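S.K.: Please find the sequence and the predicted model below.
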Amino acid sequence: MQFAIQHTWDSSPVDHDPIRIIFSPGEGGLKMQVMAPFFDDPGAPAGPPGQPFPGLWDYEVVESFFLDSTTENYLEVEICPNNCPWFLTPPSRGDRWTGEALLPWTYFPPNVNKMNSYAIHGSERGARTRLSTPFPKEEIAEGQKPNFHRLEYFQNFRLQSIMGEGWIQPESDLWKGKH
């Protein structure tokens, strides 16, 4: 299943190639492949390569959210072209970057039925570019800032459309008791 991010959060078309995300079956999880222009703005996070890094959204990043809309529990995955701990294959770079990551089933909330993906780049204050499935222009208030946690704009999504109709999502101890 492939998604293309080709708009800014406020519905304007991007002025570069879209960011592409492909989801496919992986060994013990969902494989996520990212293909995107490489802006190198801002540069790499200061943390050690291969280690989790808080605040990755302040750098060049592609994010996907997987939501159980009945509980509003979601998994947020952030992948960047630099120092990303989840890559199965290191990102290749040039004018574009690609990377592949495996998202273990234990990380997903039960009953995922919606998702959305975003991308962010740029470092100048106020000049960060935020790309996403567009929010309807008529619903954007003057002075409104992007908010990628607006669950009402998430798209319908079924993991079975990738894994097969008979596939059953494995239970995860990480989500037991969370409502």
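M.R.: That came in fine, so what should we check first?
S.K.: dump the residue contacts of Gly55.
M.R.: Pro45 (Cβ atoms under 8 Å, 6 or more residues apart in numbering). Every C-beta, even on glycine, is put in place using the N, C-alpha and C of the backbone.
S.K.: Which pLDDT does the model give the residue lying farthest from the centre of the chain?
M.R.: Most distant from the centre of the chain: Glu142, at 26.3 Å, with distances by Cα atoms, centre = their mean. pLDDT, Glu142: 85.
S.K.: give me phi/psi at it?
M.R.: Backbone torsions of Glu142, given as degrees, to the nearest 10, read phi -60, psi 130.
S.K.: so where's the chain shaky on pLDDT?
M.R.: For the chain, applying pLDDT under 70 flags the ranges 49-51, 83-93, 124-127, 131, 134, 179.
S.K.: One more pass at 90, please.
M.R.: Of all residues in the chain, those with pLDDT under 90 make up the ranges 1, 3, 6-16, 38-61, 77-101, 118-155, 171-179.
S.K.: So which residues of it form helices?
M.R.: 160-163 (DSSP state H).
S.K.: So the residue farthest from the centre of the chain versus Gly55, what's the distance?
M.R.: According to Cβ to Cβ, to the nearest Å, Glu142 stands 29 Å off from Gly55.
S.K.: what's the answer for Ala101, then?
M.R.: The value you get for Ala101 to Gly55, if Cβ to Cβ is used, is 19 Å.
S.K.: try Ile79
M.R.: 14 Å.
S.K.: and the residue lying closest to Asp40 once chain neighbours are set aside, how many residues sit next to it?
M.R.: Closest residue in space to Asp40, ignoring its immediate chain neighbours: Glu60 at 7.1 Å, by Cβ to Cβ, 6 or more residues apart in numbering. Neighbourhood size, Glu60 [other Cβ atoms under 10 Å]: 26.
S.K.: check contacts around Ile67.
M.R.: Rather than Ile, residue 67 is Leu. Leu67 neighbours (Cβ under 8 Å, 6+ apart): 73-74, 109, 112-116, 151, 154.
S.K.: And the buried ones among those residues, selectable in ChimeraX?
M.R.: Buried residues within the contacts of Leu67, by 16 or more other Cβ atoms under 10 Å, are selected in ChimeraX with:
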select :73,74,109,112,114,115,116,154
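S.K.: Tell me the one of the contacts of Leu67 nearest Glu27?
M.R.: Comparing the contacts of Leu67 against Glu27 with Cβ to Cβ places Val112 closest, at 18.9 Å.
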